[in-house]
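Chemist: What shape does this take:
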Amino acid sequence: MKNVTLIFIISCILAGSTSLCRADENKDHICFSALDSNQDGIVTFQEFDKHYKNDRAKFNAADIDQDGKLTHDEYHDLLGHGSS
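Modeler: This next block holds a predicted model:
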C-alpha cells in the first residue's frame, strides 16, 4: 500500500511540473523564460546557443515558421511538451 501511495504522489508531482511548461505563452514559465534572457517573449539563436551550444540544426528544426526566432509553442514542441 505504501508503494502505491508513493507512486501516486510522484505521479502527481510530475504531472504538475509538466503543466507549468504547457501553459499560455503570455505567462512567465521557467522552462521558456530561462532561454529568453531579455524577456521579450521570443528566443533568438543567440539566446538558444547559450544552452544548446551551437546546435543550429535543432534551432532551425524548432523554428517552424523559419523567422529566426522561437515562440513559446515552437520551443515546447521541440521539447515534446506540446503547444499551449
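Chemist: So which residues of this structure form helices?
Modeler: 2-20, 30-33, 45-52, 56-62, 72-79 (DSSP state H).
Chemist: rank those by pLDDT, which is bottom?
Modeler: Among the helices of the chain, helix 2-20 carries the lowest mean pLDDT, a mean of 56.
Chemist: K69 is in contact with I42, correct?
Modeler: Yes: counting by CB atoms under 8 Å, I42 touches K69, with 4.2 Å between them. Where you see a C-beta, it was placed from the backbone N, CA and C, and this is true even at glycine.
Chemist: Now do the shared contacts for the two.
Modeler: Shared contacts of I42 and K69 (CB atoms under 8 Å, 6 or more residues apart in numbering): none.
Chemist: Stretch 43-50: which residues count as buried?
Modeler: By neighbour count on 16 or more other CB atoms under 10 Å, the buried set for stretch 43-50 is 43-45, 47-48.
Chemist: same thing with stretch 56-67?
Modeler: By neighbour count with 16+ other CB under 10 Å, stretch 56-67 contains the buried residues 59, 62-63.
Chemist: Quick check: of these, which lies closest to D73?
Modeler: Nearest to D73 among the buried residues of stretch 56-67, counting by CB to CB, is A62 at 10.0 Å.
Chemist: Which residue, neighbours along the chain excluded, lies closest to that closest one?
Modeler: L78 (3.8 Å; CB to CB, 6 or more residues apart in numbering).
Chemist: Let me know the distance separating D63 from D49.
Modeler: 13 Å (CB to CB, to the nearest Å).
Chemist: Name the surrounding residues that touch stretch 43-62.
Modeler: For stretch 43-62, the surrounding residues in contact (CB under 8 Å, 6+ apart) are 32, 34-38, 66, 68-70, 74-75, 77-78.
Chemist: and the residues you listed, which two are the farthest apart?
Modeler: Every pair of the contacts of stretch 43-62 checked by CB to CB; the farthest is A34 and Q66, at 23.6 Å.
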